[in-house]
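Undergrad: The sequence isn't on hand, but the structure is:
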């Protein structure tokens, strides 16, 4: 098992204090007649690398200085403190909000000018990411949530928003997974599952949930309709860390599916600073593999021709260090050779319930996954 | 209150029988040496009109004949029976599936030819819609579900998938709303809410849920992250029909928001045949109104300039008969005059909780909605 860093969630007070420390820098500098300066770690490809041993994309140690008495930086400096101030309100009043609402909350015209504090949400989003990495805080600890949510079903009991929720008693559709699942927001009470299965699409989640696959195979099912939202990733990570559950990922057989898996496993380049607490280096790729259509006798006419952009993307993936293992090179090259991609939905060509009754049981029994 | 048609959900057996009736037509025709023929209602703008009295978009009585011994129709005829056959399996084995899986299930190469039964999902989707309207069955009654799902929270208790679910005890994130909410799939046990609020975006749903707005104002909150999925619309319709709850809709102030509201209220042109059981002619538009930014003192710089396509779309809306009321003409024209659209998120400019503490309470108190 790869090394993972465990860390207690910071309390509201600790987060508020970290945010205040930025104001302290300004006060201190003003008192000493100096230019206030914040050290912000560099979030760029130049400062990102793949840590092979830990199996995750990591950020390096390069930092940049953000100062106030510098024509090119003054606005950004002011924006940083404005956002930090808004984020502090979330801590002191103990509620959460979205990136977009922070943008609107901090946007105003600077008195006596025609200049806006922010003209575009990209500006405030960037500042929030700067603060996350500068203060070593997860976005969730800053009480900033995503709009997207996922669904969960299976043998897990947790307390969310003060309610005890038993996910074996959540019907077919399951329970909505909140965006923030840190301890305090979501407290796991009991887990008797043997593993977690993250399913890319709602259709397969519904299929498996309706067929009570989770009951027969004693697992937790989660989905996020496409790229799993942060709440789903963090909850899977917690179940892996805190309960030792293996994590399996089920996606379409196309470059996008491989990519979704890779983000769950080693994190993304854009948000490399979060890998430490978001990535699950032990996550396994259960399927669809480019070899599955043959193994499972899917006719070629349910495959979809790779588009030029699929081919380009697949060739890009081949060059990523985290896909450099022989088994991955073989997997991706085979997709390119057949010239076809397959959706999970195509398994219905065999039988509507083939996924539940044949495909997954055989995969699990034969340990037919990629690590 | 507009007239609504109530109808008991058909049983599996009744639906199966309706599907079989198509096969009977073929057998009967074969015995009599006739060309088998299915009468399919026309689903085109030419056969759609707005019923002002009932307040919904309705389909007319035009039908087209689909026959087998006709070069132009033979394939479509065969496809219709193939899909009907697949849909019958769903009834006899009592499970649900997706449009996409039906496509894959019924796709094969016709023996002895290079011809596929279906080349594109559009073909099978069209046939399913033909069958819905030919047999007067809702897609949900055919056990065909959508991948999208919504979330719900508030004072309602229902049985879903065999589990009793109390939506006052579903944390902040709420319960996932299944795609199929017909009686038998979702049985409502107890409703003590005074009204239903459908919120366009997850962000505002999260805001209101976290603030326990539903508790203070005794209402049910639902969202579907954008255009509400069928399950959310049908559940709102059921709560309106069966429990007499008023339905309020909260969307961004832009042409897309108006359109979302109009689909909830009078149905859509494409799926006019469903209006009878999907539309909620009494649904009320709670906001954002183009007059709200002034009423609530939102600065102009949190508005977003209308794009040329926004303007085109708004002008289109002005010509729709269901927006012909004076109050709607005034509403849409005012948006065009200001040249700005506003997101619900922009209310955060006043205060992160302005939506919960000021905007909605004032709207409800002043009955400041559009019918």
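TA: Great, that's in hand. Not measured: the values here are computed from a predicted model.
Undergrad: From residue A:273, how far off is residue A:47?
TA: From residue A:47 across to residue A:273, the span is 9 Å (CB to CB, to the nearest Å). The C-beta positions use only the backbone N, C-alpha and C, and glycine is treated the same way.
Undergrad: Start from the N-terminal end of the stretch 51-200 of chain A and give the strands.
TA: For the stretch 51-200 of chain A, the strands defined by DSSP state E, counting those that start in this stretch cover A:56-59, A:63-67, A:97-98, A:144-145, A:150-153, A:156-160, A:163-166, A:175-177, A:186-191, A:195-199.
Undergrad: The lowest-mean-pLDDT helix or strand in chain A packs against which elements?
TA: Lowest by mean pLDDT, DSSP states H and E among the helices and strands of chain A is helix A:275-278, with a mean of 88. Counting contacts by 3 or more CB pairs under 8 Å, 6 or more residues apart in numbering or on different chains; DSSP states H and E, helix A:275-278 is packed against strand A:56-59, helix A:230-243.
Undergrad: Residue B:203 is in contact with residue A:147, correct?
TA: Yes - counting by CB atoms under 8 Å, residue B:203 is a contact partner of residue A:147 at 4.8 Å.
Undergrad: so what sits against both of these two?
TA: Jointly contacting residue A:147 and residue B:203 under the rule CB atoms under 8 Å, 6 or more residues apart in numbering or on different chains are A:98, A:100.
Undergrad: need the residues of the stretch 201-350 of chain A near chain B, please.
TA: Applying CB under 8 Å from any CB of the partner chain, we find that the stretch 201-350 of chain A lies next to chain B at A:201-203, A:206-207, A:209-211, A:225, A:299, A:301-302, A:343, A:345-349.
Undergrad: Give me the buried entries from those residues.
TA: Neighbour-count burial within these applies to A:201-203, A:206-207, A:209-211, A:225, A:301-302, A:343, A:345-349; the criterion is 16 or more other CB atoms under 10 Å in any protein chain shown.
Undergrad: Which members of those residues occur in helices, if any?
TA: Residues of those located in helices (DSSP state H): A:202-203, A:206-207, A:209-210.
Undergrad: Comparing residue A:47 and residue A:273, which shows the higher neighbour count?
TA: residue A:273 (22 against 17; other CB atoms under 10 Å in any protein chain shown).
Undergrad: what's near enough to touch that one?
TA: Residue A:273 touches A:41, A:43, A:59, A:129, A:132-133, counting by CB under 8 Å, 6+ apart.
Undergrad: between residue A:47 and residue A:273, what contacts are shared?
TA: In contact with both residue A:47 and residue A:273: A:41, A:59, using CB under 8 Å, 6+ apart.
Undergrad: show me where pLDDT drops low in the stretch 251-371 of chain A?
TA: For the stretch 251-371 of chain A, no stretch has pLDDT under 70.
Undergrad: Quick one: the strands in it, in order.
TA: Shown for the stretch 251-371 of chain A, the strands assigned by DSSP E, counting those that start in this stretch span residues A:284-287, A:304-305, A:340-341.
Undergrad: Serialize those to TSV and add fields for distance to residue B:76.
TA: Converted to TSV, those look like this (distance: least, CB to CB, whole Å):
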stretch	distance to residue B:76
strand A:284-287	35
strand A:304-305	23
strand A:340-341	27
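Undergrad: Now mean neighbour count and distance to residue A:354 too, for these, in TSV please.
TA: Shown next, in TSV, are the strands of the stretch 251-371 of chain A (neighbours: other CB atoms under 10 Å in any protein chain shown; distance: least, CB to CB, whole Å):
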stretch	mean neighbour count	distance to residue A:354
strand A:284-287	22	12
strand A:304-305	12	18
strand A:340-341	22	18
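Undergrad: So which of these is nearest residue B:27?
TA: Proximity to residue B:27 (CB to CB) singles out strand A:304-305 among these, at 36.6 Å.
Undergrad: In terms of secondary structure, what does that closest one contact?
TA: Strand A:304-305 is packed against strand A:340-341, with contacts defined by 3+ CB pairs under 8 Å, 6+ apart.
Undergrad: The strand it packs on - contacts with which helices or strands?
TA: Using 3+ CB pairs under 8 Å, 6+ apart, strand A:340-341 sits against strand A:304-305.
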